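Peer 1: I'll drop the sequence and a predicted model, then ask my questions.
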Amino acid sequence: MQTRRDFLKLSATATLFTLCSSQLYAQDSVNDGYKAIVVVYLAGGNDSLNMFIPSSSNTKTGYSNYSKIRQNIAVANNPLSLVVDGNGDLDLSGGNPYASNNSLIEAYTKGFYTHQDGNGNDLGVATNALMPELAHLVNKNKVAIIQNCGNIIEPTTKAEFEAKTKTPPPFLFAHNHQTKLTLNGEASFLDYTGWGGRIFDRYNTLNGGDIYGMNISVGGVTHLFDGESTSPLLINPNGPSKYTRINKTLYQNYLQLPRREMLTNLYNKLRVHSFDMQNTIVNDWQNNAPDFSSLTNAYGDSLFSKPSNTQLSQSSPTFADTAMLKQLEAVAKLAKIGKDRGLKREIFYVNDGGYDTHNNQSQQHARKLRGLSLGIGDFYKALVSMGMENEVSLLITSDFGRSTGDNGDGTDHAWGGSYFTLGGAVKGGLYGTAPDLTLGSDDDYTKKGRLLPTTSNTQYFATVVRWFGLDETSLDAIFPELKNFPVKDLGFMR
């Protein structure tokens, strides 16, 4: 006989699949059209200064100050060119622009791709040589770069923090707490719900309990989707298990045994419902998921395939971390399945770990940047092939940025950093305020190269969620600190 502890332990897993399962493919009677947000979390604290290198001539915010501070890991002031084919697509078949003596370390600091604004002037940031796919999309105005963004409760100066008239977020510079605050969408309170969970909680309430969207994670359990009345669906990036039907048959046989306890009976109903939903997903994955194998990436190979060592200009298989390929391929398939089934709104979560680069940064961070660029390049091509590039927006975030100065072999925990949003509905360009990189400047919170954010994660996320379809009342409920900022929409979504 099951005990109450057994029930709670088992149902904790089951409810991930069941609480929203009856509405998995429910219709929205209010809004027409499909929209999805893909949250890509760079776990560990991404060094965005070596992803988007300051390229302007400004003595405080530009390249000269950057290179002076980052003596050991500064990317060289070496503008590189991107090759495109007759269709305007990136072409890496003739060789890699980042290749440098087959060395990952040299490739990481070899140079960058410059970008221009709408007036033909230098955009002010350049993309690392290891990210040609991302750089190409920046050039096509499909990427909005948000400068010096992070967890901040309200607009605050360094002087106000030092005078203790305003308060920084709790447990600043700590991975676990800053991760939770980022996924809260609220920098002052370690809440038990995430902003993705609150979105669908609110939809559930406004639609009389008939939720029409779904939070889906291919990156494991995430606080982003914790809600009061909704729970996420967790799917392995390789696809749902094909053995679900066998499991259900065994479980139905088990149900024929005599049972009397109320909790056991409730659990049995939940579990059967879970199996029904899983069977639906397995069927869709096997029979209705799009096939991207006939499409080609910048190397001329099948989309989401791993480039060879020769293509990556490296004899070692560690030149790129390609874990993102599977996750983003799964998201592309699930988005098409959801749209075809009649869903109106979905949020997906992708997790890319390994960004805590205190040491060996020139190899570790290089591998992450190359893999991230490969993944998003293929992902955007997949969206275009399905005609969904205007319906899906990819949002990059992380625990925090890293120190402007290096520690000899890497960088340390810091605060503000640059992030980006990608998609056909994105107005490309540079947003936010470029920080003064000088150690000890008014933008340096602790005189250790920890940039005080001038744009909040709340503003950043709310801008994308507004495009998602939420009104101002809903935005204020989901992002309680949004009212603290005079600019509530950063303007990078169409």
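Peer 2: Structure received.

Peer 1: which pLDDT value goes with the nearest residue in space to residue 405 that is not next to it in sequence?
Peer 2: If the residues on either side of it in the chain are set aside, residue 405 comes closest to residue 449, at 4.3 Å by Cβ to Cβ, 6 or more residues apart in numbering. Yep, even glycine has a C-beta here, placed from its N, CA and C like the rest. Residue 449 carries a pLDDT score of 96 in this model.

Peer 1: tell me if I'm right that residue 449 and residue 69 touch.
Peer 2: Yes: if you go by Cβ atoms under 8 Å, residue 449 and residue 69 touch, sitting 6.9 Å apart.

Peer 1: quick one: common contacting residues for these two?
Peer 2: 404-405, 437, 439 (Cβ atoms under 8 Å, 6 or more residues apart in numbering).

Peer 1: circling back: neighbours of the residue nearest to residue 405, how many?
Peer 2: Neighbour count for residue 449, taken as other Cβ atoms under 10 Å: 27.

Peer 1: contact partners for residue 188?
Peer 2: Counting by Cβ under 8 Å, 6+ apart, residue 188 touches 153, 167, 169-170, 481.

Peer 1: same question for residue 371.
Peer 2: Residue 371 neighbours (Cβ under 8 Å, 6+ apart): 320-325, 352.

Peer 1: kindly recompute the last result at 7 Å.
Peer 2: 320-324 (Cβ atoms under 7 Å, 6 or more residues apart in numbering).

Peer 1: so residue 370 lies in a helix, does it not?
Peer 2: Yes: going by DSSP: H, G, I helix; E, B strand; the rest coil, the assignment for residue 370 places it inside a helix.

Peer 1: returning to what we had before: determine which two of the shared contacts of residue 449 and residue 69 are furthest apart.
Peer 2: The largest separation in those, counting by Cβ to Cβ, is between 405 and 437 at 9.0 Å.

Peer 1: more neighbours, those two?
Peer 2: The neighbour count for residue 405 versus residue 437, taken as other Cβ under 10 Å, is higher for residue 437 (27 against 21).

Peer 1: pLDDT weak spots in the stretch 101-250 of the chain?
Peer 2: In the predicted model of the stretch 101-250 of the chain, residues 205-213, 241-250 satisfy pLDDT under 70.

Peer 1: helices of the chain, start to end?
Peer 2: According to DSSP state H, the chain carries its helices in the segments 4-18, 63-69, 104-108, 132-139, 158-162, 175-184, 195-206, 244-255, 262-287, 323-341, 361-385, 457-468, 472-478.

Peer 1: would CSV of these with distance to residue 148 be doable?
Peer 2: Compiled in CSV, the helices of the chain are given as follows (distance: least, Cβ to Cβ, whole Å):
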stretch, distance to residue 148
helix 4-18, 36
helix 63-69, 13
helix 104-108, 23
helix 132-139, 18
helix 158-162, 13
helix 175-184, 15
helix 195-206, 21
helix 244-255, 46
helix 262-287, 40
helix 323-341, 25
helix 361-385, 19
helix 457-468, 11
helix 472-478, 22
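
Peer 1: out of these, which comes closest to residue 47?
Peer 2: Nearest of the helices of the chain to residue 47, taken as Cβ to Cβ: helix 361-385 at 5.8 Å.

Peer 1: show me what counts as buried in that closest one.
Peer 2: By 16 or more other Cβ atoms under 10 Å, the buried positions in helix 361-385 come out as 361-383, 385.

Peer 1: try stretch 220-237
Peer 2: By 16+ other Cβ under 10 Å, the buried positions in stretch 220-237 come out as 222-227, 230-235, 237.

Peer 1: wait, which of the residues you listed is closest to residue 429?
Peer 2: Residue 429 lies nearest to residue 224 out of those, by Cβ to Cβ, at 26.5 Å.

Peer 1: ok, the closest one to residue 355 distance?
Peer 2: Distance, residue 224 to residue 355, using Cβ to Cβ, to the nearest Å: 17 Å.

Peer 1: same thing with residue 468?
Peer 2: Distance from residue 468 to residue 355, counting by Cβ to Cβ: 26 Å.

Peer 1: what does residue 327 give?
Peer 2: Distance, residue 327 to residue 355, by Cβ to Cβ: 15 Å.

Peer 1: out of these two, which sits in the busier spot?
Peer 2: Between residue 327 and residue 355, counting by other Cβ under 10 Å, residue 327 is the more crowded of the two (25 against 22).

Peer 1: ok, back up a step: which residues does the residue nearest to residue 405 contact?
Peer 2: Neighbours of residue 449 in contact, by Cβ under 7 Å, 6+ apart: 69, 403-405, 414, 439.

Peer 1: if we can go back for a sec, between the helices of the chain, which one is closest to residue 492.
Peer 2: Among the helices of the chain, helix 457-468 comes nearest to residue 492, with 6.3 Å by Cβ to Cβ.

Peer 1: chain center to the closest one: distance?
Peer 2: Relative to its chain's centre, helix 457-468 lies at 13 Å (Cα atoms, centre = their mean, to the nearest Å).
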